[in-house]
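Undergrad: Predicted coordinates and the sequence they were generated for:
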Amino acid sequence: MATPHDALFHFTFRHSRHAAGWLRTVMPAALVAAIDWATLREAPDKVHGQTLRLLITDNLFEVALLRAGHRLFVLTEHKSYVDREAPGQILRYSVHIGHSTRADGEPPALVVPILLCHGETPWPESEPPHPHLQGLDPEAAVLATLQPGMRMLIDDLKRCTEPELRRAGLTPLAQLTFLCLRFLREWTAVEALAGLDRWSDLLSAVDRDEGPPLGREAVATIGWYCLHVTKIPAEDLHVTFERILKRPEETIMSTAEKLRREGSARLLVRLLTKRFGPLPTETAARIHSATIAELDRWGERLLDARTLAEVFAAD
């Protein structure tokens with residue numbers, strides 16, 4: 001299931017203009033010099049009639065090498081936690097990409113896998129133990145060396161300070177995205193508001209950006225992320241954004257209202273299900289499309305209702 005972290009990562013780095021600067025900071029210098037960066041683009045869904053994005057949920061780019069003869073795909077995977085399954089997952093993706101993109105007589109495409117991570121703990125510096133060999137000592141060590149594996153480039157935001165995430169060559173939106181992913185979910189509301197003030201130059205630059213994505217859309221997404229992962233009161237976030245941007249900010253309060261409505265709907269569904277059993281599809285749909293006032297009214301009726309019908313009877 002997608003998380004707010006996934007959503008923010010995809011929002012920014014599905015665009016090659018924001019991805020290019022980041023990829024340059026992760027790849028070895030020799031590889032950076034060998035790539036024709038002007039050709040970087042999001043990979044198509046299909047190549048030679050083959051589905052390229054089989055099970056691939058993160059961003060995939062295609063780029064030309066300055067020396068002709070090979071196609072190069074850059075697979076970026078995002079993890080907001082330390083996932084021991086990630087190496088195997090990226091291996092499957094890479095093999096699929098390499099072989100499904102070649103026409104008859106062509107060599108397999110080359111793949112550069114890059115993992116962006118920002119878990120509560122740093123990504124292990126050594127290869128993590130194989131996830132499916134627990135409890136098999138002493139044979140586990142031998143079996144582990146015989147399992148398919150691959151190396152990948154790892155960009156661990158957890159190991160970076162604020163100044164280090166303001167990397168040269170990154171767009172303001174890319175820098176702001178990294179800072180938000182790295183810090184916001186572990187900060188208090190006071191710390192988060194102070195952080196946004198420190199990042200005001202980036203937020204203002206993002207707001208002025210003509211895109212893609214359009215600046216105001218990016219600001220709205222950053223605000224949406226703040227509301228999801230911090231405990232900043234919506235009113236305080238609204239005032240902070242207006243002060244930094246020096247313009248009316250119309251999306252934060254509406255986003256907060258939407259989040260409140262979605263949370264109330266999920267809670268009501270859980271309570272009704274616990275009280276009366278699985279809900280009819282049409283009832284669940286009605287709840288998820290309801291207003292805050294309707295959700296509050298149904299929640300109050302739930303206290304005394306003897307049947308599911310009594311909760312909605314008067315409407």
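TA: Nice, I can see it.
Undergrad: What residues sit buried inside stretch 32-42?
TA: 35, 40 (16 or more other C-beta atoms under 10 Å). For glycine as for every other residue, the C-beta is placed from the backbone atoms N, C-alpha and C.
Undergrad: I would like the residues contacting that stretch, please.
TA: 14, 16, 19-20, 23-24, 27, 59-67, 72, 74 (C-beta atoms under 8 Å, 6 or more residues apart in numbering).
Undergrad: Also stretch 269-277?
TA: 279, 283-284, 287-288, 299, 302, 307-308, 311.
Undergrad: helix/strand/coil for residue 213?
TA: When classified by DSSP: H, G, I helix; E, B strand; the rest coil, residue 213 comes out as coil.
Undergrad: contacting residues around it?
TA: 11-12, 15, 173, 221.
Undergrad: Next step: the residues you listed restricted to helices.
TA: Among the contacts of residue 213, the ones falling in helices (DSSP state H) are 11-12, 173, 221.
Undergrad: circling back to that earlier point, which pair in the contacts of residue 213 spans the largest distance?
TA: 15 and 221 (12.2 Å; C-beta to C-beta).
Undergrad: ok, those two, which is more surrounded?
TA: Using other C-beta atoms under 10 Å, the more surrounded residue of residue 15 and residue 221 is residue 221, with 22 against 18.
Undergrad: among the contacts of stretch 269-277, which ones are buried?
TA: Members of the contacts of stretch 269-277 classed as buried by 16+ other C-beta under 10 Å are 279, 283-284, 287, 302, 308, 311.
Undergrad: Sort out for me which of those residues are in helices.
TA: Using DSSP H, the buried ones among the contacts of stretch 269-277 in helices are 283-284, 287, 302, 308, 311.
Undergrad: can you put these in CSV and add pLDDT?
TA: Below are those laid out as CSV (pLDDT from 0 to 100):
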residue, pLDDT
283, 91
284, 89
287, 89
302, 87
308, 90
311, 90
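Undergrad: right, and out of the ones in helices among the contacts of residue 213, which lies closest to residue 250?
TA: When the ones in helices among the contacts of residue 213 are compared for distance to residue 250 (C-beta to C-beta), residue 221 comes out closest, at 14.0 Å.
Undergrad: isn't the closest one right next to residue 9, touching?
TA: No - when contacts are counted by C-beta atoms under 8 Å, residue 221 is not listed as touching residue 9 (11.0 Å).
Undergrad: and whichever strand or helix holds residue 97, what does it pack onto?
TA: Using DSSP states H and E, residue 97 sits in helix 86-100. With contacts defined as 3 or more C-beta pairs under 8 Å, 6 or more residues apart in numbering; DSSP states H and E, helix 86-100 has these neighbours: strand 71-79, strand 110-117.
Undergrad: List the buried residues of that helix.
TA: 86-91, 93-94, 96-98, 100.
Undergrad: Contact partners for residue 119?
TA: 79-82, 158.
Undergrad: and residue 61, which of the three is it?
TA: strand.
Undergrad: can you give me the helices for the stretch 201-315 of the chain?
TA: Assignment of helices within the stretch 201-315 of the chain using DSSP state H, counting those that start in this stretch yields the ranges 215-229, 234-245, 251-276, 281-288, 292-302, 308-312.
Undergrad: re earlier: hmm, which two among the ones in helices among the buried ones among the contacts of stretch 269-277 are most spread apart?
TA: 284 and 302 (14.8 Å).
Undergrad: so where's the chain uncertain?
TA: Low-confidence regions of the chain, defined by pLDDT under 70, span residues 1, 45-57, 68-69, 101-105, 107, 127-138, 141, 315.
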